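Chemist: Sequence and computational prediction follow.
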Amino acid sequence: MASRKEGTGSSAASSSSTTGAAGKGKGKGGSGDSAVKQVQIDGLVVLKIIKHYQEEGQGTEVVQGVLLGLVVEDRLEITNCFPFPQHTEDDADFDEVQYQMEMMRSLRHVNIDHLHVGWYQSTYYGSFVTRALLDSQFSYQHAIEESVVLIYDPIKTAQGSLSLKAYRLTPKLMEVCKEKDFSPEALKKGNITFEHMFEEVPIVIKNSHLINVLMWELEKKSAVADKHELLSLASSNHLGKTLQLLMDRVDEMSQDIVKYNTYMRNTSKQQQQKHQYQQRRQQENMQRQSRGEPPLPEEDLSKLFKPHQPPARMDSLLIAGQINTYCQNIKEFTAQNLGKLFMAQALQEYNN
Amino acid sequence: MSRFFTTGSDSESESSLSGEELVTKPVGGNYGKQPLLLSEDEEDTKRVVRSAKDKRFEELTNLIRTIRNAMKIRDVTKCLEEFELLGKAYGKAKSIVDKEGVPRFYIRILADLEDYLNELWEDKEGKKKMNKNNAKALSTLRQKIRKYNRDFESHITNYKQNPEQSADEDAEKNEEDSEGSSDEDEDDDGVTAAAFLKKKSEVPSGESRKFLKKEDEDEDSEDSEDSEAWDTSSTSSDSDSEEEEGKQTVLASRFLKKAPTTEEDKKAAEKKREDKAKKKHDRKSRRPDEEEEDNEGGEWERVRGGVPLVKEKPKMFAKGTEITHAVVIKKLNEILQARGKKGTDRAAQIELLQLLVQIASENNLGEGVIVKIKFNIIASLYDYNPNLATYMKPEMWQKCLDCINELMDILFANPNIFVGENILEESENLHNADQPLRVRGCILTLVERMDEEFTKIMQNTDPHSQEYVEHLKDEAQVCAIIERVQRYLEEKGTTEEICRVYLRRILHTYYKFDYKAHQRQLTPPEGSSKSEQDQAENEGEDSAVLMERLCKYIYAKDRTDRIRTCAILCHIYHHALHSRWYQARDLMLMSHLQDNIQHADPPVQILYNRTMVQLGICAFRQGLTKDAHNALLDIQSSGRAKELLGQGLLLRSLQERNQEQEKVERRRQVPFHLHINLELLECVYLVSAMLLEIPYMAAHESDARRRMISKQFHHQLRVGERQPLLGPPESMREHVVAASKAMKMGDWKTCHSFIINEKMNGKVWDLFPEADKVRTMLVRKIQEESLRTYLFTYSSVYDSISMETLSDMFELDLPTVHSIISKMIINEELMASLDQPTQTVVMHRTEPTAQQNLALQLAEKLGSLVENNERVFDHKQGTYGGYFRDQKDGYRKNEGYMRRGGYRQQQSQTAY
């Protein structure tokens, strides 16, 4: 750990701000009756995650790992973690579950908490709201109710502020997922919107007192110049990338809507046909009655008009959620940058 | 022998008949005749050409032989079968029989058979012994033959009255044939005959004897010496007994032929013996001589005659028959009849025909006949290969060329010969010198076929071998022949024929670069107008003028669409090859071939593809990159240029097509010397694409709706990007990709060095006839396009830029820079204005930045998203209102639709 002094410094410095932000968000996210109200992360875990990404992740590739810890009342304490190995195509017979069990057993031997409390994943420009994440988080939460997923954004972190967020699926979404019914009706019944899919759990980074003491010591020694990333004025690259990604999602959304639209039209057309058919049948029956003939037998309408398969709405929800995340990102980023720009302007004027 | 004993109970008339049988039978018995005939048979198979008559008659004799055999073993069933076959065979031979008369041997067998059957029929005991099948067959056969013989009644009676004549013939023949039938044999026969006669003579009355005697006398009285000899020989035994006399009769009659006393007979006998000896000799010598060349063999066989292999030849020469037209023609027809038949030795047939020509010319039969035979020789040369795919052997090919040349010589030397395929066989005039000679045959077809054969040879030769070069040398000969035919047909042929031969000529001209004319163009005319005129006269040799003349004729006169299409395509190709871009393009556009070429047959389509490619390359040489790109796009984008140009089969589709298709495709391939260099083609295409695409990409960097101009070029770029390590470029493609990258940065010098260097020169540019001109053009193009790219890419960096700097940077003169920039400004590609006094370009910052662009795009997308969303909403209202508020909702819906329609219109407007 000593070898990564700088990282420790920056993460420790930002830990307070993250905590603050999380604290604010807590009011909304923690409003549900979920089992976990707060996530307390050990500094070791944060460092391990960062290290993992730096060693193995690059570009759009993501890294994943397992979180270990314990639940104390309504607080989830994450005390350790280990990465999933990067597996290549050639060792297809690699058993992930086996590996995890083995790992946990080993950790248990050295007296580390071995409760599986969730997993972590890195992200690329905040694009993490995907079907894969939803599915695996669902299975985690299904097995261990308190599980969380930690999303680590390396790009934001590189810009100077540690970005680590803990998410859980809302109980509503859990129910829907359990039933595996993503039809529009089911979602409507579940009253799920994209805002109510994930709940963010506030994070607190906690270090032992000894480490805190060390930090203070180190902070005194470290120069101010080490933190200059935070003041970078460059924005176009980040913004451009995010915009590009946003646009892609919007395109997908558009397509999804078109699909849904087609479905709607087809359904209504069918409905009309059904209606007409019924009316005709009724009229015919009336005529027959007046002629004294027995009415025509009722036929199964659902056989005659097979209802169209409604498109799954989960994808559109996810996309919407993703778009939301992007928007939030952009908002946050631009707000910060504006502030920086004003600051720079002021400085310039002052200098002149 | 039992037969002879049974005949003992026969009636008188029959006995006399059986006497005849006696005469014929034993001689034709199974001792000598059978194996001999078989050996003859063997030789028959070697026979090349047989007249129909020989063939039919042989068939008949074979059948007769089997019948006789069957008779001998009393197998009536077999007899019946064979008799039926015989009837059929006779029916086949009917036409010949009509001509030649009913063959004697046929009559004889009919008569014999009938007698034999009657004999059997009478023989009650024998019949009882017979098995059922045989008995049945006997009755049917008896009825049949009775019926059948009714038709030949006159012949049979004739024969019966004079059986010896035919019998003698037969015997004679048999004697000749049978070396084995020595005197002993003869004696044996005689003995048996005597024995039989003895038996018989016990029963019959003197009448029969008398008859017998009389008969002999009748026969023998033909030559008095014979009868005398008989008299003398029989005098001693005459008084002895009747039996002896009878015996003598026969013996004498036979003996006479064996040992004649008269000179005539002696001569005849000698001759016969000689023949026999010769034959013996022949047969012996035949075996070792088999390998001898046919020619030689033909030579000596001709003298001897009778050996089946060249049976025809002796007929035409043998015994000094006068060689007349009719004979030769007849012979020719005979040879030709074997044509196309199975088992015909085609090589030998050609030999025969050549021999015939020789003889015809030796005997001065006139050109008509020679021309006729020559036609047939060439035809059989073409026939030599039974398979369409295989090609002529070099020697055959040479022979063919020579033959055609000779034919042409004759035709030119004798303008009074008319040749045409419409001349009927009957109306041919081969020898009547008073009238113009008329010969059936089409010289044009022959030449066309020859041309095809040439193509086939070229297709089947390895293009990288010396052999190919050797074959290619024949091309001049082929051309010369075509030219001669052209000259000939121009005098005599119909327009249609002229069109066809012109097309052949064109097909041999269009793909050749006329270096002479090119040279002439390069050396400037020496000032005075007179030399120009001279040059114009010289131009007569130019292929351009030639093409012009030939094609124009075809355009004017041709009535078949195909020839005209081919001519147009060749013409365009020729224009393009000689850098006459505008003529070529205009011709292409005027012909409207692009619209309907897909209905043409594959070879024409291949020609079309070749033409388009040549057109593209021509445009490129002129510096018209856009036209070049457009022309080459279709061929290159498919990635099957090789297949489309008929320059090779793709391996990929190998499993898709079956053997048959592959053969067909193989036949369509263009010979190697007509190939268009595929690498050159691709390079031209890629470089044109680069010159178009790179500035376009720079201009529309951030445009979401930007389209690719050339997919293939992009593909190459992507391939280049995927490379983990970039070494110095090796292949042509890598060069172009590297150049493109340099150009993207506006670095024209690097781009230039990538496009034009030693490697690329060797691979591509030196292949052009005017390589240096192309290179200068290319450099200039690169400079211009790099300038454009530079301005597109970096205009946002500049507030203003001096044109002089630009002109220095890109080594272009100021006016050019000025014109390029002005053009860009006019086309609204560059938001700038020119400041005249300072010669600078002042940029206007109207171009949105990258972010702004993105934001705009996003806004657009969001717009459409909202639109779609609203539609969903509309729908919801519609479905809910459907039941309850039709009126109102319908109205709303309409409004919605209208609104959307308007929006859509707007959209579509912006899209265009």
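Modeler: On my side now, so go ahead.
Chemist: State the mean pLDDT of stretch A:240-247.
Modeler: For stretch A:240-247, mean pLDDT rounds to 86.
Chemist: Pull out the buried residues from it.
Modeler: A:Gly240, A:Thr242, A:Leu243, A:Leu245, A:Leu246, A:Met247 (16 or more other Cβ atoms under 10 Å in any protein chain shown). All C-beta atoms are positioned from the backbone trio N, CA, C, and that covers glycine.
Chemist: same question, stretch A:314-330
Modeler: Neighbour-count burial for stretch A:314-330 flags A:314-326, A:329-330 (criterion: 16+ other Cβ under 10 Å).
Chemist: ditto for stretch B:379-395
Modeler: If you call a residue buried by 16+ other Cβ under 10 Å, then stretch B:379-395 has these buried ones: B:Ala379, B:Ser380, B:Leu381, B:Tyr382, B:Tyr384, B:Asn385, B:Tyr391, B:Met392.
Chemist: end to end, how far does that stretch reach?
Modeler: Terminal residues of stretch B:379-395 are spaced 16 Å apart (Cα to Cα, to the nearest Å).
Chemist: repeat for stretch B:616-625
Modeler: Using Cα to Cα, the end-to-end distance of stretch B:616-625 comes out at 9 Å.
Chemist: contact partners of it?
Modeler: By Cβ atoms under 8 Å, 6 or more residues apart in numbering or on different chains, the residues outside stretch B:616-625 that reach it are B:575-577, B:579-581, B:584-585, B:627-632, B:635, B:676, B:680-681, B:684-685, B:687-688, B:691-692, B:768, B:770, B:773-774, B:777, B:780-781.
Chemist: One more: stretch B:371-381?
Modeler: B:328-329, B:332, B:335-336, B:339, B:346, B:349-350, B:353-354, B:356-357, B:360, B:392, B:396, B:399-400, B:403-404, B:406-407, B:410-411, B:417, B:419, B:428, B:430, B:437, B:439-441, B:446, B:450.
Chemist: Ok, stretch B:144-159 next?
Modeler: Residues outside stretch B:144-159 that contact it (Cβ under 8 Å, 6+ apart) are B:80, B:83-84, B:87, B:102, B:104, B:107-108, B:110-111, B:113-114, B:117, B:166.
Chemist: What is the nearest of the residues you listed to chain A?
Modeler: Closest approach to chain A among these (Cβ to the nearest Cβ): B:Glu84, at 73.9 Å.
Chemist: Just the contacts of stretch B:371-381: which are in helices?
Modeler: Those of the contacts of stretch B:371-381 mapping onto helices are B:328-329, B:332, B:335-336, B:346, B:349-350, B:353-354, B:356-357, B:360, B:396, B:399-400, B:403-404, B:406-407, B:410-411, B:446, B:450, per DSSP state H.
Chemist: Just the buried ones from the residues you listed?
Modeler: B:328-329, B:332, B:335-336, B:346, B:349-350, B:353-354, B:356-357, B:360, B:396, B:399-400, B:403-404, B:406-407, B:411, B:446, B:450.
Chemist: Ends of stretch B:613-631, what's the gap?
Modeler: This stretch, stretch B:613-631, spans 7 Å end to end (Cα to Cα).
Chemist: buried sites along it?
Modeler: Buried positions in stretch B:613-631, judged by neighbour count with 16+ other Cβ under 10 Å: B:613-625, B:627-631.
Chemist: and what of stretch B:839-847?
Modeler: Judged by neighbour count using 16+ other Cβ under 10 Å, the buried positions of stretch B:839-847 are B:Gln839, B:Thr840, B:Val841, B:Met843.
Chemist: Tabulate these in CSV, adding columns for distance to chain A.
Modeler: Shown next, in CSV, are the buried residues of stretch B:839-847 (distance: Cβ to the nearest Cβ, whole Å):
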residue, distance to chain A
B:Gln839, 33
B:Thr840, 28
B:Val841, 25
B:Met843, 19
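Chemist: Could you dump those into a markdown table with secondary structure and pLDDT added?
Modeler: Below are those laid out as a markdown table (DSSP: H, G, I helix; E, B strand; the rest coil; pLDDT from 0 to 100):
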| residue | secondary structure | pLDDT |
| --- | --- | --- |
| B:Gln839 | coil | 86 |
| B:Thr840 | strand | 89 |
| B:Val841 | strand | 88 |
| B:Met843 | strand | 85 |
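Chemist: hey, where'd the helices end up in chain A?
Modeler: A:5-29, A:43-56, A:96-109, A:131-143, A:154-158, A:171-179, A:184-190, A:209-221, A:236-291, A:301-304, A:314-351.
Chemist: Same check on the stretch 701-850 of chain B?
Modeler: In the stretch 701-850 of chain B, the helices defined using DSSP state H, counting those that start in this stretch lie at B:711-722, B:732-744, B:748-755, B:758-763, B:771-794, B:803-810, B:814-826, B:850-884.
Chemist: Mind checking what secondary structure B:Asn385 has?
Modeler: Assigned with DSSP: H, G, I helix; E, B strand; the rest coil, B:Asn385 falls in the coil class.
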